[in-house]
Structures are given as structure tokens and as C-alpha cells.
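**Q** Could you work out the structure for the sequence below:
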Amino acid sequence: MSQNFQPPAPDSFTEAPAAPAPARTGNLGLGIVAAVVAALVAAGAYGGIMNAIDREVGYAAAGVGLLVGLAAGKIGGRNPVLPVVAAVLSLGAVYLGQLFFIALVLADYGNVGIGEVLSEAGVSGLNDVWKESMDAMSFLFLAIGGFVAFGSAKKVSD
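**A** Predicted coordinates:
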């Protein structure tokens, strides 16, 4: 015996697809922390590069800005404050890199360790040497680092 069975017709009501997840807005605090860490690492690398080649290089200052801006924008997300923070931190990183370069040169010249230079001269002594050695190119490198940091933080967060 066979029965004639027909499956039920589909309902006219179908469920709507689930709403997409909200866009990730990022974390301002985490973005700033990442930018500070990137700025400290970049400052050390910038001073070391300058010491290795015995001069300042604009590409290295741009690299400092790029690293700081990428860290801030990628981790921090689309916050309008982050590009400004990245630019300021990049200026500080290029400055610290220049101070580190001066400390490395003094350590090489005096045939002592970097710790002894930092303990004897201190940051104020290094800053005095930095002020005496400043020229237009040093300010240009500071500006390049800040400009690249602002642009990269803004671009990567879009």
C-alpha cells in the first residue's frame, strides 16, 4: 500500500538575515599605549641608525613617524585624536633618537659606556649639546616624522 504524501508548502514568512556586527571602533587608550611603545622603540632605532651611518637621514625620520602612526591607527581605530597624538609622539621620538645619537657619539668619543654618559651628562647635558648642534635640517627631520605619523595614523584607521 502506498500513500500519497505531499510535503507542506513553504511558509510565506521567512526570517530576515541577521544584522551585521557593528564596526569595530578601536580603543583610544590601547592605541595611545601602542604609539608610546612604538615611539620608544623607534627612537632607539633612529639613534642607532644615525650612529651607524654617522649622519641624520630623512627616511629614518619618516620611518619613525610611520611606525608610530601605524601603531596608533591600527590598534586605536578611527578616533580623531589618534593622528594628533601620533604626530606629537613622533616628534618626541625623533627628538629622543637625536639625544640617543648624541649619547652614543659621546660614549664612542670618551671610550666609555652609554650608562656612564647618561649618568655624567644627564638628559640636560645631552639637551645642551643638542641645542648647540641644531640646524634647519634637524627641524626638518622633526617635521617629517610628525607629518608622516599624522598621515599614516589617519590613513590606516580608515
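
**Q** By residue count, what's the longest helix in this protein?
**A** Longest helix of the chain, by residue count under DSSP state H: helix 82-110.

**Q** Run through the neighbouring helices and strands of it.
**A** If you count contacts as 3 or more CB pairs under 8 Å, 6 or more residues apart in numbering; DSSP states H and E, helix 82-110 packs onto helix 28-53, helix 58-76, helix 114-133, helix 136-157. The way it works is simple: take the backbone N, C-alpha and C, and place the C-beta from them, glycine included.

**Q** Of those helices, flag the one that's most buried.
**A** Most buried of those, by mean neighbour count (mean count of other CB atoms under 10 Å): helix 58-76, with a mean of 25.

**Q** average pLDDT across that helix?
**A** What helix 58-76 shows for mean pLDDT is 93.

**Q** what's the answer for stretch 122-129, then?
**A** Per-residue scores along stretch 122-129 average to 91.

**Q** In CSV, list the C-alpha atoms belonging to that stretch.
**A** Coordinates of each C-alpha in stretch 122-129 appear next as CSV, following Å, rounded to 0.1, in the frame of the first residue of the first chain:
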residue,chain,number,x,y,z
GLY,A,122,72.4,63.6,32.2
VAL,A,123,69.5,64.5,29.9
SER,A,124,70.0,68.2,30.5
GLY,A,125,73.6,67.9,29.3
LEU,A,126,72.6,66.0,26.2
ASN,A,127,69.9,68.6,25.6
ASP,A,128,72.5,71.4,25.8
VAL,A,129,74.6,69.6,23.2
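
**Q** Quick one: residues in contact with that stretch.
**A** 99, 102, 103, 106, 118, 121 (CB atoms under 8 Å, 6 or more residues apart in numbering).

**Q** chain center to it: distance?
**A** 25 Å (CA atoms, centre = their mean, to the nearest Å).

**Q** Then stretch 63-82?
**A** 6 Å.

**Q** Kindly report the same for stretch 27-45.
**A** 5 Å.

**Q** ditto for stretch 100-113
**A** On CA atoms, centre = their mean, the centre of stretch 100-113 falls 26 Å from that of its chain.

**Q** Since that was my last question, I'll sign off now.
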